[in-house]
Every structure is written in structure tokens, then in C-alpha cells.
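Enquirer: Could you work out the structure for the sequence below:
(one chain, ligands or ions: 1)
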Amino acid sequence: MNATPQSNRLTVSIFGRCNAGKSALFNAITDTENAIVSGTPGTTTDPVSKSMELLPHGPIVLIDTAGLGDDSALGEARVKKTQSVLNRTDLALYAIDAQAPALADYRAFAQEFARRALPHLPLITKSDTVPAPALAALCSQVPDALPVSDRRPEELTRVKAEISLRLDALREDHPMLKDLLPAGAVVVMVVPVDSEAPRGRLILPQVQLIRECLDGGHRCHVTTERTLPQALRELGRVDLVVTDSQAFASVARAVPAEIPLTGFSILMARQKSDLSALLAGTRAVSALRDGDRVLIAETCTHNRSHEDIGRVKIPALLQKTTGKSLRLDFAAGRDYPERLEDYALIIHCGGCMISRAEMMNRLRTARAKRVPVTNYGLFLAHCHGILERSMSLLRAAGEAPPHA
Ligand code: SF4
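Expert: All right, here's what the predicted structure looks like:
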């Protein structure tokens, strides 16, 4: 279970007012004492998260957030962190204190959940502390609410079962590749092992794709740029070549035109976000003007080198392709600017370190501010003049509108 990357687990987060019993709920669900439980409001300052197995659904991340309703300056900072958890949540639990329900707060939050199209489950906490008629009256005011107390195992079991059920409904399969090819297809993956590659291991999109090929009954072969021509000769039949996007130019030259070619980051976009929207965003590269600001965002943090894709290669290609004098900003990890409206374009990495919910939220926020977004793979394919070629397999599968 621990081998499941966080970005591939659905995230369940607990929201609610200070002292509404969120931490007790977190501890009861995880069966630990990770979150500090205290009657003093505001005890949870930073979000606390735990990876766990929620049966029968499977691996999830559960997050306990700081309480809302604390008006101090510190409370404001906590609320900001709580808001950022919202951005990466797949299912929200909202704790309504049976002793002090504050239903107006819950309704305001329910509106925010609805605005984000984020499913939520209201829970009436401390259910054992109020008389049964009062609890029943409260439940009748909140559709779908379930009572819960860490002292009532049957209620906790029901809540966990309901969470599991809702997560199952959410767990649409968003494969990178396995459904695009018939079983037995031959896939060649081109993985550079240059100074930018982590020593002694593959990165997550590469590992995920190998696993998907195995799951889909495909035969996969992993090679470097240097050994690619020999691999193609020896294999004879090849149904698809998937390359690291940084090697698009040389791989496109080496792979015969009749063999479909695409990039890890394009397939990652298919799994993690909205490929059509990113494809449409790629058109904005040609519309950039002198003085425009461009945000280059990636979701991992790593040491920068002279070959860094985000800091060095993409800025150089952007300059070469557009010929414009642009102002570039960079974001890494979970740092992400709030004022997206300042940008004429966002070039985002594949986002393998964050969940689909978080990636989709980033896209939604940009769309609301009318800022086009493309991703590394599509941008590089565009700059090397092979965008159409890199999309041919996906277009044939009806994945993206022609000429989006
Ligand atoms: S840059 Fe983005 S896609 Fe690449 S490894 Fe980091 S998080 Fe994953």
C-alpha cells in the first residue's frame, strides 16, 4: 500500500469550524492519534495528513484541516492553508458540531464545494453528546448528513463505508495509454539518462507507463535515444514510440513516419488533466507579444542544473520560437501564484506529483481568469513542429478535437 504514490491516491479532507471534532474524527478514521485532540479552539494549526488504506476502497490520503471561525491574524493564515487543501481534495467531509451546529457556516462551505464541483459528505460530530431528538432534528436539516462519534463504533463503520462508496464512484479510470492500443501492441519508450535524469532510477511517468503496458497486455521496451535506432531495427514491428519530450526532435528524426510517436508528458496530460484544453492553450504560444508574462510551473522541486527543462530549455525555446521579449516567472512544488490574470500563458509540467483533482483545479482557475495553459510536452512538440504527429494516436482515438 505504501508504494502507491500520493498523487495516485484520492484525497479526503475534513473541514469545519474550530473545535467541531475534526481531529477526533481524523484519529478515529485513521485509528491513530496523529491529530492533536483538544477542547481548545484552533489546536490544529497546519493541515495534518496521513496516507492510509480505507477498505474496501483502497489507498487514500486523509487530511485534517485547521478550523474555520478563528478571526485572529494567525487564524487568517490557517484559513489560507485550509483553502489550499481544498484545491487538492477529491472528497470533502464537513464536520458539524452536534452541540454548536453553526449551519450558516456549513451552508457557505457547501456553496463553495458546489462552486468547485467538489463532492462532500456532511457529518454531525459528537453525536453521543446530545439527546436523540435533538440529533434527529439536526440530521433532518442537513440532507445526507451522517451522525458520528468516536465512541460509537457502528456510526464510525457506517461513515467509513459511505466514504469508501463515494470514492469508488469517483475513481474513474484515467489511464495514460493502456486503453489506446490493442493487447499485444509493441511500445518503445525512450528514456534519456542525461545529467537531468535522477541517478539510478526512472521518474514516475516512466514507471507508471511501464506498469500500464503490463496491465494492458502490451509488450514494452525501454531504450535511450542512442540505442533507439538499433531497438527499432531489432524489433521490426513497433506500434508506438513514447519519448521524453526533451528528446522529441532527435526521436522524431529516428522514428519512421508511419510509426505513431508521442511523449510521456502528453500521455500524462491525458491522465491528469484536460488534454483538449491544453492543446487549445498551445495555440497561445504563437499569439505572444513583446512584454507578455509567461508562467512556467512544475509540481516537483529539484536542484537546478544548466540543462534544467523548466528554467533553461523551455525559456530558450520560447525565445527562439516566438522571437519576443517575454517576462518569465517560475513556480515549483505547491507554490502557485494567485494572480494568474497577469499571465498571457502558463506552461505547466505533466504534474505527476499532484493528484488529478489538484491539476484540474489549476486548469479551472486559469480558465476562470481566461489564461491559456499548455504543458511541457505539447509546447515542446509545437516548437519542434511535430505537434500533429505527437497527437495522431490520440486524435485517432477521438481524444482531442481535430485542430484544437
Ligand atoms: S517536472 Fe512535473 S511531470 Fe516532471 S517529474 Fe516533476 S512533477 Fe513530474
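Enquirer: residues making contact with the top helix by length along the chain?
Expert: Identified as the longest helix of the chain according to DSSP state H is helix 153-170. Here helix 153-170 makes contact (C-beta atoms under 8 Å, 6 or more residues apart in numbering) with 10, 12, 28-29, 54-57, 60, 90-91, 93, 119, 121, 123, 127, 146-150. No exception for glycine: its C-beta is placed from N, CA and C like everyone else's.
Enquirer: Show me how this protein divides into domains.
Expert: Under the assignment automatic domain parsing, the domains of the chain span 6-170, 282-383.
Enquirer: So the nearest residue to residue 224 once chain neighbours are set aside: helix, strand or coil?
Expert: Nearest residue to residue 224, sequence neighbours excluded (C-beta to C-beta, 6 or more residues apart in numbering): residue 193, at 5.7 Å. Under DSSP: H, G, I helix; E, B strand; the rest coil, residue 193 falls in the coil class.
Enquirer: surely residue 193 meets residue 222?
Expert: No - applying C-beta atoms under 8 Å as the test, residue 193 and residue 222 come out as separate, 10.5 Å apart.
Enquirer: And these two? Which one has more around it.
Expert: Between residue 193 and residue 222, counting by other C-beta atoms under 10 Å, residue 222 is the more crowded of the two (17 against 13).
Enquirer: Can you tell me the closest non-neighbouring residue to the residue positioned nearest the centre of the chain?
Expert: Among the residues of the chain, the one closest to the centroid is residue 355, at 2.4 Å (C-alpha atoms, centre = their mean). Distances taken as C-beta to C-beta, 6+ apart place residue 7 nearest to residue 355, at 5.3 Å, with adjacent residues excluded.
Enquirer: my guess is that neighbour meets residue 357, correct?
Expert: No - with contact defined as C-beta under 8 Å, residue 7 does not count as touching residue 357 (10.0 Å).
Enquirer: quick revisit: so the residue nearest to the centre of the chain sits against residue 11, correct?
Expert: Yes - here residue 355 lies in contact with residue 11, judged by C-beta under 8 Å, at a distance of 5.8 Å.
Enquirer: Mind listing the shared neighbours of the two?
Expert: 88, 90.
Enquirer: If you drop the residues flanking it in sequence, what lies closest to residue 351?
Expert: residue 359 (4.4 Å).
Enquirer: gap between that neighbour and the ligand?
Expert: As judged by C-beta to the nearest ligand atom, to the nearest Å, residue 359 and the ligand stand 10 Å apart.
Enquirer: quick one, the helix or strand hosting that residue and helix 153-170 angle?
Expert: For residue 359, the host element (DSSP states H and E) is helix 356-368. Relative orientation of helix 356-368 and helix 153-170, computed by axes from the mean of the first three to the mean of the last three C-alpha atoms, to 10 degrees: 60 degrees.
Enquirer: Show me what counts as buried in helix 356-368.
Expert: Under the neighbour-count criterion of 16 or more other C-beta atoms under 10 Å, helix 356-368 has 356, 357, 358, 359, 360, 361, 362, 363, 364, 365, 366 buried.
Enquirer: Check which element follows it along the chain.
Expert: Taking DSSP H and E, what comes next after helix 356-368 is strand 373-375.
Enquirer: tell me the mean pLDDT over that following strand?
Expert: Averaging pLDDT along strand 373-375 yields 96.
Enquirer: Turn the buried residues of helix 356-368 into CSV, columns for pLDDT.
Expert: Below are these laid out as CSV (pLDDT from 0 to 100):
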residue, pLDDT
356, 86
357, 85
358, 87
359, 90
360, 89
361, 88
362, 92
363, 93
364, 90
365, 90
366, 95
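Enquirer: Can you tell me which of these is nearest the ligand?
Expert: Checking the buried residues of helix 356-368 against the ligand with C-beta to the nearest ligand atom, the nearest one is residue 359 at 10.2 Å.
Enquirer: That closest one against residue 272, yeah?
Expert: Yes - Residue 359 is in contact with residue 272 according to C-beta under 8 Å; the separation is 4.6 Å.
Enquirer: Could you report the separation of residue 250 from the ligand?
Expert: With C-beta to the nearest ligand atom as the criterion, residue 250 and the ligand are 19 Å apart.
Enquirer: per-residue pLDDT, that residue?
Expert: Per the predicted model, pLDDT is 94 at residue 250.
Enquirer: For it, which non-adjacent residue is spatially closest?
Expert: residue 225 (5.6 Å).
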